[in-house]
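In: sequence? don't have it. structure:
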């Protein structure tokens with residue numbers, strides 16, 4: 001048997017130092033536990049709408065299984081650009097300013113690698129999705145954190161972003177509605193951030209994967225504000241709002257030079273997104289509005305229930321403005337986030353994610369995904385209340 005310590009020397013230093021995903025690492029504990037109600041993984045419990053699945057089946061039956069353009073099918077890019085202009089604000093050229101990717105995770109990786117030089121800084125906010133800081137590190141850049149706080153409804157304060165800017169700052173990375181807090185950005189804050197980006201010459205990457213799952217009136221994307229189209233890359237996809245996580249299909253829109261740079265990396269790594277997934281995505285854009293709205297309304301109902309239950313049992317919880325996550329504070333229990341999540345799983349078979357998985361400032365919180373059936377949410381809340389009573 002080989003000595004794993006000797007093979008470790010081949011691993012690049014910046015990769016060897018990366019932590020395992022706090023979400024996946026915790027869910028190794030879930031395997032083998034009987035009767036678990038999972039409020040952990042951020043995956044819709046809805047089956048992909050039938051017409052979208054049918055489009056994928058039909059594409060397969062037609063033999064639509066070849067490579068596509070590196071950028072993706074032009075028909076899909078045209079539909080994406082129409083959709084983005086209608087729902088987000090800015091207009092993009094489908095021929096030059098849109099790329100289809102293997103999920104938003106790939107799109108984010110592409111744009112970070114395309115624009116960052118070693119030592120450049122990326123300003124981002126925490127708590128945040130677990131991949132942001134590692135993705136920045138893998139691009140040989142430096143992650144600079146701006147903390148958001150529960151007492152401010154996890155709002156991003158432009159003055160805090162300004163304070164984080166240094167001469168090496170190159171990118172501002174935004175994700176609203178936010179995973180894991182459900183926080184949103186107001187139009188006023190977007191305007192201030194846009195002015196800051198222009199004044200300090202920052203590129204803005206806006207991850208809007210949860211934008212369609214907003215529970216309040218939506219304001220245009222920051223990309224649509226004056227002076228921002230030429231310095232913003234907008235990322236979105238089909239996993240959350242269209243319940244298409246397994247299709248791994250998303251897109252990026254932005255200035256031609258940046259999309260071209262993303263395409264260069266994409267063509268040497270992924271080549272193109274799945275042709276079958278692209279056919280399904282086209283159907284989702286053409287006829288998925290009704291299903292998207294039905295799912296959004298169901299998530300809103302679940303949000304109302306879970307937030308009320310959490311607050312009623314003494315776990316203060318901000319009312320999410322979007323996405324499908326609640327982020328209650330568990331400090332009153334005297335347990336760490338990981339202790340709370342581990343004991344809740346082992347003693348009462350409810351899976352939540354420790355808030356520390358989403359950054360150091362997430363300690364003292366847990367993430368509860370309400371992307372599961374309402375009756376299971378209700379039962380999970382009963383079990384959680386029982387757990388609190390036992391402490």
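Out: All right, it came through fine. Predicted model only: the values in this text are computed from it and were never measured. Numbers count the residues shown, from 1 in each chain.
In: how about the residue nearest to residue 363 when sequence neighbours are not counted, what does it touch?
Out: In space, and not counting its chain neighbours, residue 363 is closest to residue 356: 4.6 Å by C-beta to C-beta, 6 or more residues apart in numbering. Yep, even glycine has a C-beta here, placed from its N, CA and C like the rest. Residue 356 sits next to 22, 336, 337, 338, 362, 363 when contact means C-beta atoms under 8 Å, 6 or more residues apart in numbering.
In: Residue 339 sits in which helix or strand?
Out: helix 337-348 (DSSP states H and E).
In: Helix or strand next in line after that helix, which one?
Out: strand 350-351.
In: What is that following strand packed up against?
Out: With contacts taken as 3 or more C-beta pairs under 8 Å, 6 or more residues apart in numbering; DSSP states H and E, strand 350-351 sits against strand 37-38, helix 337-348, helix 374-390.
In: Report the strands that pair with the first one, each with its relative direction.
Out: Pointing back at strand 37-38 there. Note on strand 37-38: by DSSP bridges, its sheet partners are strand 350-351 (parallel).
In: Identify the residues contacting the partner strand?
Out: 27, 30, 36-40, 341, 344-345, 380, 383-384, 387.
In: buried subset of those?
Out: Buried subset of the contacts of strand 350-351 (neighbour count, 16 or more other C-beta atoms under 10 Å): 27, 36, 37, 38, 39, 40, 341, 344, 345, 380, 384, 387.
In: nearest to residue 266, of the residues you listed?
Out: residue 27 (29.2 Å; C-beta to C-beta).
In: For the closest one, give me the pLDDT.
Out: The confidence metric pLDDT takes the value 69 at residue 27.
In: and what of residue 42?
Out: 82.
In: swap in the one 4 residues further on?
Out: According to the model's per-residue confidence, residue 46 sits at a pLDDT of 95.
In: Helix or strand: which one has it?
Out: Going by DSSP H and E, residue 46 is not part of any helix or strand.
In: got the contact list for it?
Out: Counting by C-beta under 8 Å, 6+ apart, residue 46 touches 243, 295, 298.
In: Just put those in JSON lines and tack on distance to residue 101.
Out: Listed next are those as JSON lines, based on distance: C-beta to C-beta, whole Å:
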{"residue": "243", "distance to residue 101": "19"}
{"residue": "295", "distance to residue 101": "23"}
{"residue": "298", "distance to residue 101": "28"}
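In: What average pLDDT does stretch 126-143 get?
Out: Averaged across stretch 126-143, pLDDT comes to 95.
In: Buried residues, that stretch. List them.
Out: 126-130, 132-139, 141-143.
In: Equivalent analysis for stretch 111-125, please.
Out: For stretch 111-125, by 16+ other C-beta under 10 Å, it's 111, 112, 113, 114, 115, 116, 120, 121, 122, 123, 124, 125.
In: Likewise for stretch 350-360?
Out: So for stretch 350-360, counting by 16+ other C-beta under 10 Å, buried means 350, 351, 352, 353, 354, 355, 356, 357, 358, 359.
In: Leaving out sequence neighbours, find the closest residue to the third one.
Out: Distances taken as C-beta to C-beta, 6+ apart place residue 366 nearest to residue 352, at 4.4 Å, with adjacent residues excluded.
In: what lines up beside the host helix or strand of the one you found in the sheet?
Out: Assessed by DSSP H and E, residue 366 sits inside strand 366-369. When sheet partners are counted by DSSP bridges, strand 366-369 sits next to strand 325-326 (antiparallel), strand 353-354 (antiparallel).
In: any residues touching the last one, and which ones?
Out: Meaning strand 353-354. Residues contacting strand 353-354 (C-beta under 8 Å, 6+ apart): 22-23, 26, 40, 180, 336-338, 340-341, 362, 366-367, 369.
In: sorry, back to before: need the max-distance pair from the contacts of residue 356.
Out: Using C-beta to C-beta, the two most remote members of the contacts of residue 356 are 22 and 336, lying 12.8 Å apart.
In: Neighbour count: the two, which is higher?
Out: residue 22 (20 against 16; other C-beta atoms under 10 Å).
In: quick one on the thing from earlier: adding distance to residue 164 and mean pLDDT as columns, could you present the strands paired with strand 366-369 in TSV?
Out: Shown next, in TSV, are those (distance: least, C-beta to C-beta, whole Å; pLDDT from 0 to 100):
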stretch	distance to residue 164	mean pLDDT
strand 325-326	24	98
strand 353-354	25	95
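In: got a markdown table for the contacts of residue 356, with pLDDT and distance to residue 53 too?
Out: Output for those, formatted as a markdown table (pLDDT from 0 to 100; distance: C-beta to C-beta, whole Å):
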| residue | pLDDT | distance to residue 53 |
| --- | --- | --- |
| 22 | 67 | 32 |
| 336 | 97 | 42 |
| 337 | 96 | 37 |
| 338 | 94 | 38 |
| 362 | 96 | 36 |
| 363 | 97 | 41 |
